[in-house]
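Novice: sharing a model prediction with you, sequence too.
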Amino acid sequence: MGHPQIIAAALSLTLALSGCANLRWSLQRSFRDPGERIETFPEIVWDEYACDGSKLPFFELETNELIPPQLKAGSRFNHRMVYVLCPVRPTAVVTGRLVTRIRFRGDPIVQERTEAYEIKPGRWVVDSEITLPSAAEPGVYAYEVEFRGDGLRFTKSLTFVVGR
């Protein structure tokens with residue numbers, strides 16, 4: 001039936017880790033360096049999403065997440081987005097304005113704008129490191145990502161909580 005010491009150790013480790021959500025988020029965030037990297041080449045994404053029969057450019061935001069979802073004022077958090085693009089031409093990019101915002105009580109408290117942001121063909125992982133202002137009040141916040149480019153527009157929002 002298995003080794004009792006190994007089973008007990010595994011159970012203890014599982015219980016300890018489940019009680020340490022902050023440690024889990026910190027560890028996960030530590031493996032994410034800011035920047036972008038290609039995950040899957042364009043021709044594989046083209047086949048995976050059957051882009052032959054799609055209106056081009058075809059775009060899908062596969063992942064949009066914040067880590068950690070709860071933090072304190074002045075803390076740093078990670079925003080990860082994973083997207084796929086099947087462009088009109090095999091190596092074409094979609095260039096446009098990317099705006100990110102942190103909102104509190106509906107009002108933007110931080111906003112950044114990149115005028116010539118490129119959405120690239122294939123599957124890309126984009127990690128950003130964001131610092132919450134040290135004067136941020138406790139409450140529920142939203143992190144927004146908005147892109148407006150030639151033939152491609154999207155807006156996504158995620159909430160997070162600032163505690164004391």
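Specialist: Alright, I've got the coordinates.

Novice: what residue is smack in the middle of the protein?
Specialist: Compute the mean C-alpha point of the chain, and by CA atoms, centre = their mean the closest residue is residue 80, 1.9 Å away.

Novice: C-terminal to the helix or strand containing it, what's the next element?
Specialist: Assigned by DSSP states H and E, residue 80 falls within strand 76-86. Proceeding N to C from strand 76-86, the next assigned helix or strand is strand 94-104, under DSSP H and E.

Novice: partner strands of that following strand and their direction?
Specialist: Using DSSP bridges, the strands paired with strand 94-104 are strand 107-119 (antiparallel), strand 139-149 (antiparallel).

Novice: is residue 117 in a bridge, and if so with what?
Specialist: Beta bridges link residue 117 to residue 96 when assigned by DSSP bridges.

Novice: equivalent analysis for residue 79, please.
Specialist: With DSSP bridges as the criterion, residue 79 is bridged to residue 66, residue 128.

Novice: need the contact list for it.
Specialist: Going by CB atoms under 8 Å, 6 or more residues apart in numbering, residue 79 touches 65, 66, 100, 127, 128, 130, 143, 145, 158. Where you see a C-beta, it was placed from the backbone N, CA and C, and this is true even at glycine.

Novice: now swap in residue 39 and tell me
Specialist: Residues in contact with residue 39, defined by CB under 8 Å, 6+ apart, are 82, 122, 123, 124, 125.

Novice: gap between it and residue 123?
Specialist: Distance of residue 39 to residue 123, given as CB to CB, to the nearest Å: 4 Å.

Novice: shared neighbours of these two, anything?
Specialist: In contact with both residue 39 and residue 123: residue 82, using CB under 8 Å, 6+ apart.

Novice: since that was my last question, I'll sign off now.
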